[in-house]
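> Based on what follows, work out the 3D shape:
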Amino acid sequence: ELRALPPANKFINSIRLTTDNIDRIIQQLQQMGENINQSFITSVIEEKLPKWILLELEKAKQKAMARCEESDDDEPFIWDTEKVLKKLAKIIELHEKVNRMPQLENKFKNEKRLKPENNFSENARVFFNSNAQTKKTFSNKNNTQKSKPQLRKQKQERKILPCIFCNDESHRSTACQKYSTGEARQKRLAILKKCIWCFKDANHNVCPAKYKCKLCNGTHKDIVCKKFAY
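As a prediction, the model looks like this:
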């Protein structure tokens, strides 16, 4: 049924109709116990969207990937169906909001025509509010520029943790190519006598840091899943 959906055109109302149908089908698949976070489902969804929406999604994906690389967490970056649908909903809501703005502006102009005596006070209020907002923006910009060197210094001083599998400091654990598959990583952790949940000394029976794998729903981190391959 998902493949049979006609693709949306470039207009936001068509994209809204298509995404509503996609959401309905995805909910049906979830109720049937299907795993919706599969790459082919994401690909089919993207086939139904116009190029400018795909560009917005790609920008969001790149930003999310950058945040993941900057974090201290060793979890791999995953761009699955759920994340695509959430970002798609935000993009549509934003454009629908923008499309409604001219209507609000016309309504405001009509109200001003009906109440000409309020024109001066309204214009004065807009002027002073705009002036105050400009000063606030300028002040915030200066504060932001002052804080940038400090943020860069903090990033430079951040301790680089070596890869848990090969002890190399040139890459993160999730990007290890020497042990590039989940199965190889599990064997390596067993040799090192490390816990597959927290990567510290083996304590499987008492470790509170238990994870649910997003790839197979198992009780381990994604980067040691047998379905994972870097």
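> Following element in sequence after the helix or strand of the chain with the lowest mean pLDDT, please.
Using mean pLDDT, DSSP states H and E, helix 119-157 stands out as the lowest-scoring helix or strand of the chain, at a mean of 54. Sequence-wise, the next helix or strand downstream of helix 119-157 (DSSP states H and E) is helix 182-192.
> other SSEs contacting that following helix?
Applying 3 or more Cβ pairs under 8 Å, 6 or more residues apart in numbering; DSSP states H and E, one finds that helix 182-192 contacts no other helix or strand. For every residue, glycine as well, the C-beta is placed using N, CA and C.
> Now that helix - C-alpha only, CSV.
Below are the C-alpha coordinates for helix 182-192, written out as CSV (Å, rounded to 0.1, in the frame of the first residue of the first chain):
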residue,chain,number,x,y,z
GLY,A,182,29.1,-6.2,15.8
GLU,A,183,30.1,-9.9,16.0
ALA,A,184,33.8,-9.0,16.0
ARG,A,185,33.3,-6.4,18.6
GLN,A,186,31.4,-8.8,20.9
LYS,A,187,34.2,-11.3,20.7
ARG,A,188,36.8,-8.5,21.3
LEU,A,189,34.8,-7.4,24.5
ALA,A,190,34.8,-11.0,25.7
ILE,A,191,38.6,-11.2,25.2
LEU,A,192,39.0,-7.9,27.1
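> Pull out the buried positions in it.
Within helix 182-192, the residues that count as buried by 16 or more other Cβ atoms under 10 Å are 182, 184, 185, 186, 188, 189.
> residues in contact with residue 65?
If you count contacts by Cβ atoms under 8 Å, 6 or more residues apart in numbering, residue 65 has them with 77, 79.
> just checking, it is part of a helix?
Yes. Under DSSP: H, G, I helix; E, B strand; the rest coil, residue 65 falls within a helix.
> Can you give me the domain assignment for the protein?
What the record gives for the chain is the domain set 1-114, 162-230, from automatic domain parsing.
> The ones you listed into TSV, with extra columns for mean pLDDT?
As requested, the domains of the chain are arranged in TSV below (pLDDT from 0 to 100):
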stretch	mean pLDDT
domain 1-114	85
domain 162-230	78
